[in-house]
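Undergrad: Structure here, sequence nowhere to be found:
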């Protein structure tokens, strides 16, 4: 089986020793991704953009997502993100879980992890 690793150059990739995404076994596994911005909605939008870029580089896309996990330090901040998530996944919503957990830096309000099919 061929494994392909996709790096985005994020600050934590080299520090921790991981990559943005791994293509293996017919799937694209995208690491937990945080975004930039002042609030949870801006960070959610940014994280989805980073994830979409990694999926595109892998040959997939958000429309092929089969699983998504959302991590938030405050579950009350999740609902404002729902419109962005509906827009991002459209008519192809993946199975999803939201977990309340501390993130690597208190400035981060949401982290998103995605698994998507690799078409073809």
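TA: Sure thing, it's come through. Just so it is clear, the structure is predicted and the values come from calculations on it, not from any experiment.
Undergrad: can you pull the buried residues of whichever helix in the chain runs longest?
TA: What stands out as the longest helix in the chain, according to DSSP state H, is helix 40-58. Neighbour-count burial for helix 40-58, counted by 16 or more other C-beta atoms under 10 Å, picks out 40-41, 43-48, 50-52, 54-55, 57-58. From N, CA and C alone the C-beta is placed, and that goes for glycine too.
Undergrad: And the contacts of that helix?
TA: Identification of contacts with helix 40-58 by C-beta atoms under 8 Å, 6 or more residues apart in numbering yields 4, 6, 8, 10, 20-21, 23, 28, 30, 33-37, 61-62, 64-65, 72, 77-78, 80-81, 84-85, 88, 108-112, 114, 116, 118.
Undergrad: same check, this time on stretch 107-115
TA: By C-beta under 8 Å, 6+ apart, stretch 107-115 touches 27-35, 39-40, 43-44, 47-48, 51, 55, 62, 65-74, 77-78, 81, 94, 103.
Undergrad: Quick one: name whatever helix or strand follows the lowest-mean-pLDDT helix or strand in the chain.
TA: Using mean pLDDT, DSSP states H and E, helix 11-12 stands out as the lowest-scoring helix or strand of the chain, at a mean of 80. Reading on from helix 11-12 to the C-terminus, the next helix or strand found by DSSP states H and E is strand 21-24.
Undergrad: Tell me the gap between the least confident helix or strand of the chain and the middle of its chain.
TA: Offset of helix 11-12 from its chain centre (C-alpha atoms, centre = their mean, to the nearest Å): 15 Å.
Undergrad: and if you look at stretch 54-65?
TA: Stretch 54-65 sits 11 Å away from the centroid of its parent chain (C-alpha atoms, centre = their mean).
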